[in-house]
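**Student:** With the input below, show me the fold.
(one chain, ligands or ions: 1)
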Amino acid sequence: MAYEQPTIDVPALTALLDGPYADVRARVCESLVEHADLLGAADEMPRDDYRDLVRDTVLALAKSGQTAYHVPEEYGGRGDFGATVAAFETTAYGDLSVLVKIGVQFGLFGGAVQNLGTKHHHDAYLADLAAGRLLGCFAMTETGHGSNVQAIGTTATYDDHTQEFVIHTPDEASGKDYIGNAARHAEMAAVFAQLYVGGENRGVHCLLVPIRRDDAVLPGVRIEDCGHKMGLNGVDNGRIWFDEVRVPREALLDRFAEVSPAGVYSSSIENPNRRFFTMLGTLVMGRVCVGGAGISAAKVALAIAVRYADRRRQFNATSQDQEELLLDYGMHQRRLFPLLAHTYALHFAQDVLRSRFDDVFSGRETDERDQRALESRAAGTKALATWHATETIQECREACGGAGYISRNRFTALKADTDVFTTFEGDNHVLLQLVAKGLLTDYSSDFEDLDQFGMVRFVAGMAVDQVVERTMAHKLLESLRDLLPGGDDDWDQQAGLLDPAYHLAMLRFREEHMIATVARRLKRGIDEGVEPGEVFSRVQDHVIAAARAHVERLVVDAFVERHAALEDGPLKVALGLLSDLHALTTIEGDRGWFMEHGRLSSARSKAITREISDLCRKLRPLAVDLVDGFGIPEEMLRADELLTWS
Ligand SMILES: Cc1cc2nc3c(=O)[nH]c(=O)nc-3n(C[C@H](O)[C@H](O)[C@H](O)COP(=O)(O)OP(=O)(O)OC[C@H]3O[C@@H](n4cnc5c(N)ncnc54)[C@H](O)[C@@H]3O)c2cc1C
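**Tutor:** Numbers count the residues shown, from 1 in each chain. Alright, predicted model coming up:
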């Protein structure tokens, strides 16, 4: 049957992507347009002026209620967690210093007060915090310890004579580092410290510590500016040291642990490891938001690059009268369209994550396992989405040639500001280890109690069959073997390539094979008497590959499911092309593995590449509509030279 070219109803596509938060997103877009001048400010203003302008913009947005939808109504919000994420994703179309300052103030600092504190903290601070009257920072990372938060050195020692905590930095390496809002604007810090009560270390807890009043740093607190950064220079990142600073007993955020006036420590969670991971788990919103912001930044880059390529001509190719449009070149399509397809796929995966996050945090979903699965999904989506943003922005910059390199055309800031998304809110490789832990232990009841060596011991403690069973890998491996032919002769090479069942079977096979073999390797290492740390280190690349394979499968799942639910029509056809392109390029990207494991013959592998080129050609006429469908305000693209080129 001849292929019928669909036409896209762009507003309908935007409505589909906006989903239930169209009003929230529209409101944010209006504000972004109002503050559009800010996009060029980083290049033109002295740093401190830029930082103050960013703060003022954040405060203006806070006043209009767009930055803290998640705060309960009685403190000025709407108690709507999903809306906060949607607003954050949309704010990412604009200046990213504003975005990150919002994240620090309302997500991290506000999130610590809301999720780790109790009613008296909420009554004392949430309304001021949500309105931007109280500016704060989130002081977790130290120079000596970033990813390994459990090993931080700052101490909070209870003095039962005065009923105060003494906050202290014991050495230079225990200074808080990279802390957003600290260098210039924050008045209060949510400080993570080892809690000492009656001489006993109770592990990492969070306390509210005033650090600045009327622009002056308070006694006992020392703050240094982190200085110029690769990007995000509108955010005042700083270092903080404490010299025996005293705060009242009530400064401890005490949802998970209390200290009585007489100095008796109590917690509803007895195991310190479990308590620590439970506390951190409540701060998952930051990860959900940063992943979403990465997807938005990729959309901005693609919107510019695709539209530029639809105007820019180079070389005579098909006609002597006119040079060819860049977007008509197969290579240009090959560079941009798979990235466009991945962006759509991640958008739908982010929809699933946002909605699960909203279910758990609104209390609709209270099952502990769902909570753990949410943390894992947030970690994995954040890692893939932010790596995707970095890759996409670079490719789009190159696709715009020299013009992409000129700062007023947006890419300079986009590239520099998003680069660190792969590091903050959890380094991506470290996050994928968290995902792997969930897969290997199937979110066991001991999940939060397990550090990475605990996980190795946990897996090693089971019989091999039990490992495979536990890792969910047992169900499909055999049945998939029949579904996925390996040889050259037994299969019409092109057949089934556009079948979502085939895509999912391939990706499930890879995921489950990897998890099962990781589990076996961990177990074998321990059985051979190798130290758990050494075993883990030897298998670590495999562990991370398994986690990545899992998240890639979730992303394909999300797109396939959303596509299947669409009403028949041109939009469904167009998104179907993208969904196929996304899945096939994901398989193609790891074709070496599939061939090594007998799931892909060389003939079929070549057929996949041919199919991808074919899909790109089909998508060519739709590409501009597909980026217009993102609904990014023109002012935010700020690439006039590129977009009006003729
Ligand atoms: C601009 C910016 C803003 C920030 N804002 C804040 C803030 O407001 N508040 C705050 O508390 N923190 C903040 N951070 C800190 C940020 O969260 C940390 O940088 C991050 O957690 C990583 O820690 P690290 O820099 O010490 O890197 P490290 O943990 O030292 O990691 C360095 C490298 O080692 C790898 N690595 C680490 N552990 C392992 C392992 N077990 N196995 C294999 N590889 C490993 C990582 O993958 C990474 O590539 C900010 C950082 C930046 C740059």
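**Student:** Just give the nearest non-adjacent residue to residue 631, would you?
**Tutor:** Taking CB to CB, 6 or more residues apart in numbering, and ignoring the residues beside it in sequence, residue 631 has residue 14 as its nearest neighbour in space, at 3.9 Å. Where you see a C-beta, it was placed from the backbone N, CA and C, and this is true even at glycine.
**Student:** Surely the one you found and residue 630 touch.
**Tutor:** Yes: judged on CB atoms under 8 Å, residue 14 makes contact with residue 630 at a distance of 7.3 Å.
**Student:** Give the residue from those two that has the larger number of neighbours.
**Tutor:** Neighbour totals were compared for residue 14 and residue 630, and residue 630 leads with 23 against 16 (other CB atoms under 10 Å).
**Student:** Could you pull up the contacting residues of the more buried one?
**Tutor:** If a contact means CB atoms under 8 Å, 6 or more residues apart in numbering, then residue 630 has 14, 17, 299, 302-303 as its contacts.
**Student:** what sits up against the helix or strand where the residue nearest to residue 631 lies?
**Tutor:** Mapping residue 14 onto the secondary structure by DSSP states H and E places it in helix 10-18. Where contact means CB under 8 Å, 6+ apart, the residues beyond helix 10-18 that reach it are 22, 25-26, 347, 566, 571, 625-626, 628-631.
**Student:** Just the angle for the following helix or strand past that helix relative to helix 10-18, thanks.
**Tutor:** With elements assigned by DSSP H and E, the helix or strand that comes after helix 10-18 is helix 22-34. With axes from the mean of the first three to the mean of the last three CA atoms, to 10 degrees applied, the angle from helix 22-34 to helix 10-18 works out at 110 degrees.
**Student:** which residues are contacting helix 22-34?
**Tutor:** Contacts with helix 22-34, where a contact means CB under 8 Å, 6+ apart, come from 15, 18, 60-61, 64, 66, 69, 83, 86-87, 89-91, 93-94, 631, 633, 635-636.
**Student:** Repeat that for stretch 51-62.
**Tutor:** Residues from elsewhere that reach stretch 51-62, judged by CB under 8 Å, 6+ apart: 31, 35, 38, 41, 45, 67-68, 91, 95, 97-98, 101-102, 105-106, 130-132, 135, 184-185, 233-236.
**Student:** contacting residues around residue 383?
**Tutor:** 291, 422, 428-429, 431-432, 435, 548, 551.
**Student:** Quick check: the gap between it and the ligand.
**Tutor:** The gap separating residue 383 from the ligand is 10 Å, by CB to the nearest ligand atom, to the nearest Å.
**Student:** so what's that residue closest to, chain neighbours aside?
**Tutor:** Nearest non-adjacent residue to residue 383 (CB to CB, 6+ apart): residue 428, at 3.9 Å.
**Student:** what's the answer for residue 149, then?
**Tutor:** If the residues on either side of it in the chain are set aside, residue 149 comes closest to residue 140, at 5.9 Å by CB to CB, 6+ apart.
**Student:** Pretty sure the one you found sits against residue 148.
**Tutor:** No: assessed by CB under 8 Å, residue 140 is found out of contact with residue 148, at 11.3 Å.
**Student:** quick one, what contacts the residue of the stretch 301-450 of the chain found nearest the ligand?
**Tutor:** When you check the stretch 301-450 of the chain against the ligand by CB to the nearest ligand atom, the closest residue turns out to be residue 429, at 3.7 Å. With contact set as CB under 8 Å, 6+ apart, residue 429 has these partners: 383, 544.
**Student:** For the residue in the stretch 51-200 of the chain positioned nearest to the ligand, grab the count of nearby residues.
**Tutor:** In the stretch 51-200 of the chain, the residue found nearest to the ligand is residue 146; the distance is 1.7 Å by CB to the nearest ligand atom. Residues lying near residue 146 (other CB under 10 Å) number 17.
**Student:** Could you pull up the contacting residues of it?
**Tutor:** Contacts for residue 146 (CB under 8 Å, 6+ apart) come out as 177, 427.
**Student:** quick one: residue 46 from the ligand, how far?
**Tutor:** As it turns out, when the distance is counted by CB to the nearest ligand atom, residue 46 lies 20 Å from the ligand.
**Student:** Quick check: phi and psi at that residue.
**Tutor:** The main-chain torsion angles of residue 46 are listed as degrees, to the nearest 10 and equal phi -60, psi 150.
**Student:** coming back round to it: narrow the contacts of stretch 51-62 to those in helices?
**Tutor:** Taking DSSP state H as the definition of helices, the contacts of stretch 51-62 contribute 31, 38, 41, 91, 97-98, 101-102, 130-131.
**Student:** same for the longest helix belonging to the chain, what does it pack against?
**Tutor:** The longest helix of the chain (DSSP H) is helix 532-565. Using 3 or more CB pairs under 8 Å, 6 or more residues apart in numbering; DSSP states H and E as the contact test, the elements touching helix 532-565 are helix 330-361, helix 368-399, helix 428-441, helix 452-460, helix 500-527, helix 570-589.
**Student:** List the residues that contact the closest residue to residue 590 other than its chain neighbours.
**Tutor:** Residue nearest to residue 590 in three dimensions, not counting chain neighbours: residue 510, with 6.9 Å by CB to CB, 6+ apart. Going by CB under 8 Å, 6+ apart, residue 510 touches 549, 553, 590, 593-594, 597, 599.
**Student:** wait, which of those residues is closest to residue 328?
**Tutor:** Top of the list for closeness to residue 328, among those and by CB to CB, is residue 590 at 29.4 Å.
**Student:** Let me know the pLDDT of that closest one.
**Tutor:** Confidence per residue is given as pLDDT, and for residue 590 that number is 98.
**Student:** Now do residue 610 against the ligand, distance only.
**Tutor:** Separation of residue 610 from the ligand (CB to the nearest ligand atom): 37 Å.
**Student:** got a list of what that residue touches?
**Tutor:** Taking CB under 8 Å, 6+ apart as the criterion, residue 610 is in contact with residue 494.
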